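Enquirer: What follows is a predicted protein model with its sequence.
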Amino acid sequence: MHEAHNDTWRVAVVGSGPSAFYTAEALFKAGVPGLQVDLFDRLPVPFGLVRGGVAPDHQNIKGVVKVYDRIAASPGFRFFGNVTIGRDLTVADLAAHYHQIVYAHGCESDTRLGVPGEELAGVHSATEFVGWYNAHPDHRDRTFDLAGARRVALVGNGNVAMDVARVLLAAPDLLAPTDIADHALAVLRRSRVHEVVLLGRRGPAQAAFSPKEIEEIAELPDVDVVVTAADATLDPLSADWLEREGARSQQRNVKFLQERAAMGPGTRPKRLVCRFLVAPTELSGEGGRLRQVRVQHMRLEADADGTPRPRPTGTDEVLAADLLFKAIGYRGVPLPGVPFDDRKGIVPNVDGRVVEGPGAAVRTGHYAAGWCKRGPTGLIGTNSLDAKATVTAMLADRGAGKALAPGSGDIVALLRQRGLDAVTWADWRRLDAWEQREGQARGKLRHKLPAIEQLLQVVHDLRRGAAG
């Protein structure tokens, strides 16, 4: 690890996903003299949800890491993987070594449904499932009884729900050449799931998935996308709202769903059934296992600004289901020593400046970017604009002399003193090449080891090889 000089402007970024890299990029582009940007990640590998969240059959989206590789090549960039803030290093440690700290650690938990029966076996979050098939160390030991399931209920209808549905319904041979986790592919090969029922609280006009995502499922050779005429029909409020305010993507979704409804129930062996205006109220089962989902029917009513909002109608129905996945959003996890807004599940901030709590004083020198700043919204690129906005505040504060007052020591010395084995960017580059070589040997794009111990073992072996 190279040492940082004492005359540098030092910034610590907690996290190494898109918002962390875009923060680094905006700082480097600002031309701050003697800039040192250090990214910290609790995992030994970088890239956050691009590595651990994007579906394995969406490699074009993962291509964004080429941009991050270029940012990492900037003089003054360093990566410290396998270092957990709040355990290995405290926020006070960072404040003693850096002029500014940026929290860009995303939202690592999931939103709960908050209904009876959520603890039953067979009820899972999409976060766990996505992490599991992407070889994320946090989720490698999860078990999903796909061999014992025929029908899966999927709550939510954003793009994460679409990813889960596609992975459940796609032929495993389509996923095999990707970077999907070996353990996940083995379970998917034994899967008996033939129907996924998508449950959306609002109507087809308000569906949150992008048209490309649902069309992609319809293109799978053995899968029908099924919508009833009733589910595809817009109520007058939605029809008016769609005409006035609907984005082109929402209009395209409605057109697609109505075309599907006209095609009937389909004849293919697997199906994705899209239901709208239904919300789970109770999960029930037998022997501690999920068997049924009670949903209440909703209707849309205009709120004060005319936006259609779902309201219960007082009628409900019961659906049989062997498994249920919740894809209703990610949620932030508190970081020790960092303020947390429990209601919103984010780091409380005003324009990226961390505050001690909602409406409280600014914590000088501390900032937030990405999902932990604004909540889990937008696409990967949204984090670029968001990071630039935070960096604008950081540069203004620097100009006004509002910053932390660190000592002259480099964090590397403290890591060594504590015996912490930080993974450097050079370590990652070697591991990255190893994953691709190993993948090629197995007939796939990349071979990802799911356990931190395994990843570190390879890092050590590659270090020795490089030193030798």
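Expert: Received it, and whenever you're ready, just let me know what you need.
Enquirer: the helices in the stretch 51-200 of the chain, which residues?
Expert: 59-62, 65-72, 91-95, 126-133, 159-169, 172-175, 182-189 (DSSP state H, counting those that start in this stretch).
Enquirer: Can you check which of the ones you listed gets nearest to residue 389?
Expert: helix 65-72 (17.6 Å; C-beta to C-beta). To be clear about C-beta, it is placed using only N, CA and C from the backbone, and glycine gets the same treatment.
Enquirer: State the mean pLDDT of that closest one.
Expert: On average, the pLDDT along helix 65-72 is 97.
Enquirer: From the chain's centroid, how far away is stretch 130-138?
Expert: Centre-to-centre, stretch 130-138 and its host chain are 11 Å apart (C-alpha atoms, centre = their mean, to the nearest Å).
Enquirer: now swap in stretch 19-34 and tell me
Expert: With C-alpha atoms, centre = their mean, you get 23 Å for stretch 19-34.
Enquirer: Let me know how buried residue 239 is, in neighbour terms.
Expert: Residues lying near residue 239 (other C-beta atoms under 10 Å) number 15.
Enquirer: Wasn't it part of a helix?
Expert: Yes. Counting by DSSP: H, G, I helix; E, B strand; the rest coil, residue 239 is part of a helix.
Enquirer: For it, which non-adjacent residue is spatially closest?
Expert: In space, and not counting its chain neighbours, residue 239 is closest to residue 205: 7.6 Å by C-beta to C-beta, 6 or more residues apart in numbering.
Enquirer: Surely that neighbour touches residue 242?
Expert: Yes. Using C-beta atoms under 8 Å, residue 205 is in contact with residue 242, at 4.6 Å.
Enquirer: the more surrounded of these two?
Expert: Neighbour count, other C-beta under 10 Å: between residue 205 and residue 242, residue 205 has more, with 24 against 20.
Enquirer: sorry, back to before: anything in contact with each of residue 205 and residue 242?
Expert: 234, 250, 254 (C-beta atoms under 8 Å, 6 or more residues apart in numbering).
Enquirer: ok but the first one is inside a strand, no?
Expert: Put plainly, it is residue 234. No. Counting by three-state DSSP, one finds residue 234 to be coil, located in no strand.
Enquirer: which residues does it contact?
Expert: 203-205, 242, 254.
Enquirer: and these as JSON lines, adding pLDDT?
Expert: Shown next, in JSON lines, are the contacts of residue 234 (pLDDT from 0 to 100):
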{"residue": "203", "pLDDT": "97"}
{"residue": "204", "pLDDT": "97"}
{"residue": "205", "pLDDT": "96"}
{"residue": "242", "pLDDT": "94"}
{"residue": "254", "pLDDT": "98"}
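Enquirer: mind checking the SS state of residue 7?
Expert: coil.
Enquirer: For it, which non-adjacent residue is spatially closest?
Expert: residue 34 is the one closest to residue 7 (C-beta to C-beta, 6+ apart), at 5.4 Å.
Enquirer: burial measure for the one you found, as a count.
Expert: Neighbours of residue 34 under the rule other C-beta under 10 Å: 12.
Enquirer: Could you pull up the contacting residues of it?
Expert: The contact partners of residue 34, by C-beta under 8 Å, 6+ apart, come to 5, 7-9, 76.
Enquirer: So how do I select the buried members of the residues you listed in ChimeraX?
Expert: In ChimeraX, the members of those classed as buried (16 or more other C-beta atoms under 10 Å) are selected with the following command:
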select :8,9,76
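Enquirer: now the strands for the stretch 301-450 of the chain?
Expert: Counting by DSSP state E, counting those that start in this stretch, the segments of the stretch 301-450 of the chain that form strands are 308-320, 323-326, 330-331, 349-350, 353-355, 362-368.
Enquirer: number of nearby residues for the nearest residue to residue 343 once chain neighbours are set aside?
Expert: What sits nearest to residue 343 in space, not counting adjacent residues and going by C-beta to C-beta, 6+ apart, is residue 358, at 7.8 Å. The tally of other residues near residue 358 (other C-beta under 10 Å) stands at 13.
Enquirer: Repeat that for residue 414.
Expert: Using other C-beta under 10 Å, residue 414 is surrounded by 16 other residues.
Enquirer: And the next helix or strand past the helix or strand in which residue 13 is found?
Expert: Using DSSP states H and E, the element containing residue 13 is strand 9-14. Next along the chain after strand 9-14, taking DSSP H and E as the criterion, comes helix 18-29.
Enquirer: nearest spatial neighbour of residue 216, skipping sequence neighbours?
Expert: Distance criterion C-beta to C-beta, 6+ apart; nearest residue to residue 216, sequence neighbours excluded, is residue 166 at 6.6 Å.
Enquirer: mind checking how far the one you found is from residue 226?
Expert: To residue 226, residue 166 is 15 Å away according to C-beta to C-beta, to the nearest Å.
Enquirer: do residue 76 as well
Expert: From residue 76 across to residue 226, the span is 54 Å (C-beta to C-beta).
Enquirer: rewinding a little: please name whichever of the strands of the stretch 301-450 of the chain is nearest to residue 214.
Expert: Shortest distance between residue 214 and the strands of the stretch 301-450 of the chain, using C-beta to C-beta, is found for strand 323-326: 16.7 Å.
Enquirer: Now the closest one - C-alpha only, CSV.
Expert: The C-alpha atoms that make up strand 323-326 are tabulated as CSV, following Å, rounded to 0.1, in the frame of the first residue of the first chain:
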residue,chain,number,x,y,z
LEU,A,323,-43.0,-19.6,-1.9
LEU,A,324,-43.3,-15.9,-1.6
PHE,A,325,-40.7,-13.3,-2.4
LYS,A,326,-40.9,-9.7,-1.2
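Enquirer: now what about it, what contacts it?
Expert: For strand 323-326, contacts defined as C-beta under 8 Å, 6+ apart pick out 110-113, 122-126, 129, 144-146, 149, 152-156, 161, 164, 193, 280, 283, 290, 293.
Enquirer: Before I go, just wanted to say thanks for your time.
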